[in-house]
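Novice: Need the 3D shape of this:
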Amino acid sequence: MMHNNLSNTLRRRRSTEKPEKNDTCTTHLTETDSILQKVQRRQLKKSDQIQWDPMGVALWLIVFVCALFIFYNHPHLRRKIESLINRNAHRLPSQKTKSVEQHIPERTKPRHVGCFDDSEQTDVFQKVRRLDTTNHYVSSGTKLQELDKETPKEPENVEYATTPRISTFETDDCVAMHEWQKHSFPTCNDVHAINLPDLLTFDDEVHILGSGTWRVTWLIKDYKGDNIALKSYVYKYHQPFGEWHINQHRKDGLVYERLSNSPHVIQMYSHCVMGGLFEFADGGTMEDNLWSLDSAGNTLRARWSGLQRLRYATQAALGVADLHDVNQYEEGAIGPAVAHTDISLDQFISLNGVYKLSDFNRVYFMRRNVTSDEPCGYHVDIGNPGSYRSPEEMIYSIQTEKVDLYALGSVIYSLLTNFEPFEGLEREDYMYRIFHGEQPIIPDYISHSPDPAKQAMIRAMGMCRHLQPEYRASAAEVASFLSDKLSEIESGRTG
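Specialist: A predicted model of the protein is given here:
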C-alpha cells in the first residue's frame, strides 16, 4: 500500500517537471510552423488583394501613349520641358546663373554651315567654290523594287541613307539647259549680320513661325525695325546631311533670285547656304485659311464665295506660270527650265491679300539633250507619294515640269470643294486611282452650279489633271484662262 502511494507521487512529480531537451526542440518546431503558416496566410491575402485587371492595365497604357503623343505633337510644351531638362543637366551645384543659350533645346538652335561663293570672280573678297551640281540621291546599297504597273505602290526596300549616293546633273546625253543653273549668288554678309543670340530669347518680337523638313523659320526685325523672316538650317539627328542638301538650297536661293521681279512669288532678300532672309507674310498659307480648327479641334472649312475661290486659284496659277517661265526671255529657251515638284496648298502664302508661291528647295532643273536639243526629264527615286502627285510620280518614271500642272489641278480642286483629292482614302487606294486616271468626285451642287467662277475652275482642273503629261496645258495657258475668266466676272461681262 505504501509502495503504491510512493509510485503515484513520483509519477505526479515527473509530470510537473520541465520537459527534456528533445521535447523543447519539438515545441520550438511547432511554434515555427505556426509562424510560417501565419506568414503564408498573410501573403495569400496580399496576393488576393493585388489582382491585375487586364482592362485597367490596357486603359493605363492608352493614357500613357496619348500623353506621349500630345507631348511630341505640342512643340511649345516639348520645348518647355526640354528647356527645363537641359537647364538641370548643364547646371553645376555652384552655379546660380547660366547663359541664355543653355535654355534652348539643341534642335531649335539656328545653325549655318558656312559661306561660299561659286562665282568665277577671283578677287580677294570672293573665293571660288563650285558645287557638284546634282539633282537627287537614293539610299546607298539598296535597289528600287520593280513596281507593278497595275498597282502602283511605295517601294518597299528603299531606306533613307545616312550617306547619299549622288547622281550628277550633267551627263553625256543631257546638259544644263542654261549656264545660270550651275551657279548661285550668295550674300552671306547680310545673313551673318543678323544678331543670332537675339533668336534665343523667344520674346514677342523674335520667335519661331514654323519648321519644315530642313529649316526653321524665325520672325525677326531688320535694322529699320520691320518684320522679316529668317530661315536657318535645323539639325535633326535622324536625317542625313551633305552636299546634296547644300545644293538643293543653292537652287532654292537661285530660283528666288531669278524670280525677284515676280509679284506672285515671295521675295528673298539674302541667301547663304541653307539660310536666307525673306519678306514676312502674315496672312497664313492657303491650307491654313482653307481649313482651320475650332476650340474643340473640329475642322472648319472656309466659306468663300465662288469669286474668291477663283481669285485664289488664279493667283496660284500665276505663281506656277512665273516659275516655269523664268527663262522665257533668254535666247535659245526650249521650254521651262525649272520644276517645283512640291506644289500644294501650303506652298502659297498670303501677303496683303495675295497668295504667293514659295519654297523651292525641292526644285529640279530641266536639262537639254545634246543630240536632239529637246528637254531632258529628271528622275526621282524616293519621296513621291501624296494625293496631289501625278500618275508618273506614282511609278517613279521620268518626270517633267508637267507634274506641277497636275498638282496645280489638285490645288484648284481643293479650293473649289474644300476637300483634298480622294480625301479619306488610304495611300495605296488613292495612288491606284491616280495612276489609272480617275478624278476626285465633285459634288453635284458644285458641278451643276450656275456660278461662272466655279465652272471656270472645273474647266481649269480639266486642263491640268490629264493622265498623259503631254496633254496637260502649260502653266501660262492655265493662268491666262483663269485670269480672263476672273476679269470677265469682275467686270460683269458674263451672262
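
Novice: Please enumerate the strands of the stretch 301-450 of the chain.
Specialist: For the stretch 301-450 of the chain, the strands defined by DSSP state E, counting those that start in this stretch cover 338-339, 348-351, 354-357, 364-365, 367-369, 375-376.

Novice: I'd like those laid out as CSV, including mean pLDDT, distance to G424 and mean neighbour count.
Specialist: For the C-beta atoms, the positions are set from N, CA and C on the backbone; glycine is no exception. Below are the strands of the stretch 301-450 of the chain laid out as CSV (pLDDT from 0 to 100; distance: least, CB to CB, whole Å; neighbours: other CB atoms under 10 Å):
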stretch, mean pLDDT, distance to G424, mean neighbour count
strand 338-339, 94, 29, 24
strand 348-351, 96, 24, 21
strand 354-357, 97, 26, 23
strand 364-365, 93, 31, 21
strand 367-369, 92, 39, 19
strand 375-376, 90, 37, 18
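
Novice: wait, which of those strands is closest to G225?
Specialist: The closest of those to G225 is strand 348-351. By CB to CB, the value is 18.7 Å.

Novice: That closest one packs against which elements?
Specialist: Identification of packing neighbours for strand 348-351 by 3 or more CB pairs under 8 Å, 6 or more residues apart in numbering; DSSP states H and E yields helix 286-290, helix 306-324, strand 354-357.

Novice: Nearest approach to Y413 belongs to which of the ones you listed?
Specialist: It is, among the helices and strands packed on strand 348-351 and with distance given as CB to CB, helix 306-324, at 9.7 Å.

Novice: residues of the closest one that come out buried?
Specialist: For helix 306-324, the neighbour count (16 or more other CB atoms under 10 Å) marks 306, 309-324 as buried.

Novice: And stretch 396-415, by the same measure?
Specialist: Buried residues in stretch 396-415, counted by 16+ other CB under 10 Å: 396, 399-415.

Novice: on that earlier part again, take the strands of the stretch 301-450 of the chain and lay them out in TSV including distance to I434.
Specialist: As requested, the strands of the stretch 301-450 of the chain are arranged in TSV below (distance: least, CB to CB, whole Å):
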stretch	distance to I434
strand 338-339	18
strand 348-351	22
strand 354-357	23
strand 364-365	20
strand 367-369	26
strand 375-376	24
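
Novice: So which of those is nearest A479?
Specialist: Nearest to A479, of the strands of the stretch 301-450 of the chain and by CB to CB, is strand 354-357 at 11.7 Å.

Novice: ok, and what's touching that closest one?
Specialist: Residues outside strand 354-357 that contact it (CB atoms under 8 Å, 6 or more residues apart in numbering): 263-266, 281, 286, 312, 315-316, 319-320, 322-323, 340, 347-350.

Novice: hey, which helix or strand in the protein has the poorest pLDDT?
Specialist: Ranked by mean pLDDT, DSSP states H and E, the weakest helix or strand in the chain is strand 134-138, scoring a mean of 32.

Novice: which SS class is the nearest residue to G437 once chain neighbours are set aside?
Specialist: Residue nearest to G437 in three dimensions, not counting chain neighbours: L467, with 3.7 Å by CB to CB, 6 or more residues apart in numbering. When classified by DSSP: H, G, I helix; E, B strand; the rest coil, L467 comes out as coil.

Novice: Next one: L467 from H379, what distance?
Specialist: The gap separating L467 from H379 is 20 Å, by CB to CB, to the nearest Å.

Novice: so where's the stretch 351-495 of the chain shaky on pLDDT?
Specialist: For the stretch 351-495 of the chain, the stretches with pLDDT under 70 are 381-385, 493-495.

Novice: go again using 90 as the cut-off
Specialist: Applying pLDDT under 90 to the stretch 351-495 of the chain flags residues 361, 373, 375, 377-387, 393-398, 424, 426-428, 430-431, 435-436, 491-495.

Novice: What average pLDDT does stretch 280-295 get?
Specialist: For stretch 280-295, the mean pLDDT works out to 88.

Novice: Right, I'll call it a day here.
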